[in-house]
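J.: With the sequence up front, the predicted model follows.
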Amino acid sequence: MCRTFAVFLLVAFTVSFGHAADPPIIKCPSPDHRFALRLTPPKGGDSLDYRAEIIESASGEFILDLGTAYPKHLSETVLVWSAKSNWVAYATRGDKQGDLNVYFWNGAIFEEVRLPSDLPRPSMEYRNGAGADVKNYGGAITPLRWLRSGDLELSSDLMMLSRVDNRAYIGTVQFTLAFDKQHRASLHKVGKTKMRVDD
C-alpha cells in the first residue's frame, strides 16, 4: 500500500552536538510519482514529533503541511492515493487516537475535503458482563484504498480493556466514503463490526 522509496536524503548534516541528524523518511509515492510523503525528524528541543508534509518527489519541494506524526507510529502514518493521483487520504496515529484528512489536487494545490463529523466507530460486544467496567485504549480510522467507483474504503478500530475479565476487546468496522462532483464527502456503506478478544 505505502512503500518507502528513499530514506537517506541528509547524510552529511551534523547537529551542534556532533551527531549526524536522522534523515527524513520519504514514502508513499503517488501513482504518477509526482508526490510523496516526507516525515522529518525533530531538530532538538523538547518535541519528539516528526513533521509530516507532501512534497514534490523530483525536487523535494514542499507542497502541503500535514502537521505532526508520532515516532512510535511512523509506519501507520500514510498517504493512500487514488489511481490518478488526484485524491489522497492522509492518516496518522498516536497512542490513543489518530487523524484522518482527505485532499483533492485541483491542478495547483491540494484542497482539503470536509469529512462527515460522525464517522463510524465499532459497535463493541463484551462477554458475560465484561463491558460493565472498561478502560478505553483508543482507536483510529485508517484509509485502506480508493475504489474504482471513486469511493474511499476505510477501517475504524477501537480497543477496550475490561477490568472484569482482564481481556482486551478490539472492534473493527469497515466503511466507505463517497465524493460528489463538488468534492463533498458522504458516508456510503458501513459494514458489521468484527470483534477480537485478546487474553
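T.: That came through, no problem.

J.: Just say helix, strand or coil for the residue minimising distance to the centre of the chain.
T.: Nearest to the mean C-alpha position of the chain, by CA atoms, centre = their mean, lies residue 91 at 1.6 Å. Under DSSP: H, G, I helix; E, B strand; the rest coil, the three-state class of residue 91 is strand.

J.: Now do the strands in this protein.
T.: Using DSSP state E, the strands of the chain run over 4-6, 25-27, 35-40, 50-56, 62-69, 78-81, 87-93, 98-105, 110-113, 134-146, 152-162, 168-179, 185-190, 194-198.

J.: and the gap between the residue nearest to the centre of the chain and residue 59?
T.: 25 Å (CB to CB, to the nearest Å). (C-beta placed from N, C-alpha, C; glycine too.)

J.: From residue 124, how far off is residue 190?
T.: 15 Å.

J.: With neighbour numbers in mind, choose between the two.
T.: Applying other CB atoms under 10 Å to residue 190 and residue 124 shows that residue 124 carries more neighbours, namely 16 against 13.

J.: who's in contact with residue 125?
T.: Residues near residue 125 by CB atoms under 8 Å, 6 or more residues apart in numbering: 131, 169, 171, 193, 195.

J.: The residue nearest to the centre of the chain and residue 164: what is the separation?
T.: From residue 91 to residue 164 the distance is 32 Å (CB to CB).

J.: Could you give me the ChimeraX syntax to select whichever of the contacts of residue 125 are buried?
T.: Filtering the contacts of residue 125 down to the buried ones (16 or more other CB atoms under 10 Å) takes a single ChimeraX command:
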select :169,171,193
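
J.: closest to residue 116 among the contacts of residue 125?
T.: Lowest distance from residue 116 to those (CB to CB) belongs to residue 193, with 18.4 Å.

J.: In this structure the closest one contacts residue 122, no?
T.: Yes. With contacts counted by CB atoms under 8 Å, residue 193 reaches residue 122, the gap being 4.4 Å.

J.: Quick check: neighbours shared by those two?
T.: Here residue 193 and residue 122 have 171-173 as joint contacts, going by CB under 8 Å, 6+ apart.
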